[in-house]
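Undergrad: Need coordinates for the following:
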Amino acid sequence: MRTGFCFDFDGTITDRELLPYLAESIDLADEISVLTRATIEGHLDFRKSFKLRCRLLGAIPVSRVNELVQDVCMQPDIVDFIRSRPQDCVVVTGNLDCWIGPYVAEHLGCKLVSSRGTVSDDRLTAVDDVLDKGAAVSALRAEFGWDRVVCVGDGMNDVPMLELADIAVAYGGVHTPCKAAEEAAHYIVYNPRSLCSLMSQF
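TA: Numbers count the residues shown, from 1 in each chain. A predicted model of the protein is given here:
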């Protein structure tokens, strides 16, 4: 039986949410943090909130975003798990391809499915598509012919993929998963080593 593993990125693979971190460089950390937390908990619609946050962060050159993202740490145990089976692991994130694509390719070497943005003159000029994680997981299952899908996430925008997963894991490595993610999950895990031990059983 072939199993595929789909991971949220911000606050799951990484040790922090990326958008508040990026906002520190333009003195908007508090504002972006409030929006991010409210979105994770489901108080704000993800698509609208994400586009608003991208509009605010669009003042940062994309090349500078790529530099800042390189300073963000990933959870070593999760990185090792993905690197050991890159053909069966996918990062499924609402974050933008132009912001995190190079980082994922360099450090994880697995497929990335993400929201998409348009860049002109080193600036984000538009958010073209905000990823629907449920639709993404359905497409990935068909693309790879997975017999079973394990999904890992923490926020409200992860709920659609958790609901479609054969094995859904609400992961609280950085912050407590939102209530809807916990309700959709078969397992709730708070430690990266425990998460990887669990996934190694499938």
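
Undergrad: Could you measure from the nearest residue to Ala126 once chain neighbours are set aside over to Ala142?
TA: In this structure, Ala126 finds its nearest non-sequential neighbour in Thr118, 4.3 Å apart by CB to CB, 6 or more residues apart in numbering. All C-beta atoms are positioned from the backbone trio N, CA, C, and that covers glycine. Between Thr118 and Ala142 the computed distance is 27 Å (CB to CB, to the nearest Å).

Undergrad: More neighbours: which of those two?
TA: Thr118 (12 against 9; other CB atoms under 10 Å).

Undergrad: In what element of secondary structure is the more buried one found?
TA: strand 111-120 (DSSP states H and E).

Undergrad: ok, which stretches of the chain are strands?
TA: Using DSSP state E, the strands of the chain run over 3-7, 89-96, 111-120, 123-129, 148-153, 167-171, 187-189.

Undergrad: So which residues make contact with the second one?
TA: Looking back up the chat, that one is strand 89-96. Strand 89-96 is contacted from outside by 4-10, 13, 18-19, 46, 50, 54, 81-82, 100, 104, 108, 110-117, 124, 127, 130-131, 133, 136-137, 140, 151, 157, 161, using CB atoms under 8 Å, 6 or more residues apart in numbering.

Undergrad: mind running it again at 6 Å?
TA: 5-7, 9, 50, 82, 104, 110-115, 117, 131, 133, 136, 140, 157 (CB atoms under 6 Å, 6 or more residues apart in numbering).

Undergrad: Am I right that the residue nearest to Ala126 is in contact with Asp129?
TA: No: in this structure, Thr118 is not within contact of Asp129 by CB atoms under 6 Å, at 10.2 Å.

Undergrad: Using CSV, write down the CA coordinates of the worst-scoring helix or strand of the chain on mean pLDDT.
TA: In the chain, the helix or strand scored least confidently by mean pLDDT, DSSP states H and E is helix 29-40, which has a mean of 86. Extracted as CSV, the C-alpha positions of helix 29-40 are listed here (Å, rounded to 0.1, in the frame of the first residue of the first chain):
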residue,chain,number,x,y,z
ALA,A,29,4.5,42.4,13.1
ASP,A,30,1.7,43.1,15.6
GLU,A,31,-0.9,43.8,12.9
ILE,A,32,0.0,40.7,10.8
SER,A,33,0.2,38.5,13.9
VAL,A,34,-3.3,39.4,14.9
LEU,A,35,-4.6,38.7,11.4
THR,A,36,-2.7,35.4,11.2
ARG,A,37,-3.9,34.2,14.6
ALA,A,38,-7.5,35.1,13.9
THR,A,39,-7.3,33.3,10.5
ILE,A,40,-5.8,30.2,12.0
